[in-house]
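Trainee: can't give you the sequence, but here's the structure:
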């Protein structure tokens, strides 16, 4: 797995390499953000190229049998065996100029695990502790990736999709295009 995360401090930007990351990761953090890293580590997972190009195309053709196979594969990775699952998936279609404001998903929609695929475009997702708006974690979600927010990452952080003009990761612009996300929630208990 390649997990690409950047933890930042808005005012002060002192960075160092994270010992938990793999060689191909780009993890950076501000000195006051150790607690954020501790929460995110183990509660956020990003799997790049989880969805194949063929599966991505199938999702647009709405071939129910092939789409169901893809959704079942996502659920098998994200949820414990015998976890109660919500039947329908949620699909978010975001225009190139669209963005998603900071929010915490309601537990009425999805309980402690929130898996979703990111299709058609690379994007930057920002996680911000709900009680500390000057610190944040940026996730680079590559096209066809699967990301999973669990437990504290779901309830103690807002998440948002950055506007195209704000879409930077490790100092590099991440050009935005139309983006579709397929979310596979589990049932609240």
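Mentor: It's in. The model shown is predicted, which means the values in this text are computed figures rather than measured ones. Residues are numbered from 1 along each chain as shown.
Trainee: Name the helix or strand of the protein that has the lowest mean pLDDT.
Mentor: strand 5-9 (a mean of 44; mean pLDDT, DSSP states H and E).
Trainee: Can you spell out which helices and strands pack onto the top helix by length along the chain?
Mentor: As assigned by DSSP state H, the longest helix anywhere in the chain is helix 64-78. Secondary-structure packing of helix 64-78 (3 or more CB pairs under 8 Å, 6 or more residues apart in numbering; DSSP states H and E): helix 53-61, strand 113-119, strand 145-150. In short, each C-beta sits where N, CA and C put it, glycine included.
Trainee: the inter-axis angle of that helix versus strand 113-119?
Mentor: Helix 64-78 runs at 130 degrees relative to strand 113-119, counting by axes from the mean of the first three to the mean of the last three CA atoms, to 10 degrees.
Trainee: what's the spacing between residue 176 and residue 48?
Mentor: Between residue 176 and residue 48 the distance, using CB to CB, to the nearest Å, works out to 17 Å.
Trainee: which one of these two has more residues nearby?
Mentor: residue 176 (23 against 20; other CB atoms under 10 Å).
Trainee: Surely the more buried one is within a helix?
Mentor: No. In this structure, residue 176 is coil, not part of a helix, as judged by DSSP: H, G, I helix; E, B strand; the rest coil.
Trainee: Save the helices and strands packed on helix 64-78 as a markdown table, and put in distance to residue 82, mean pLDDT and mean neighbour count too.
Mentor: What follows is the helices and strands packed on helix 64-78, written out as a markdown table (distance: least, CB to CB, whole Å; pLDDT from 0 to 100; neighbours: other CB atoms under 10 Å):
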| stretch | distance to residue 82 | mean pLDDT | mean neighbour count |
| --- | --- | --- | --- |
| helix 53-61 | 25 | 80 | 14 |
| strand 113-119 | 14 | 84 | 23 |
| strand 145-150 | 17 | 89 | 21 |
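Trainee: Nearest to residue 183, out of these?
Mentor: strand 113-119 (4.2 Å; CB to CB).
Trainee: For that closest one, give me every contacting residue.
Mentor: Applying CB atoms under 8 Å, 6 or more residues apart in numbering, the contact partners of strand 113-119 are 50-51, 56, 59, 74-75, 77-79, 83, 105, 141-151, 154, 179-186.
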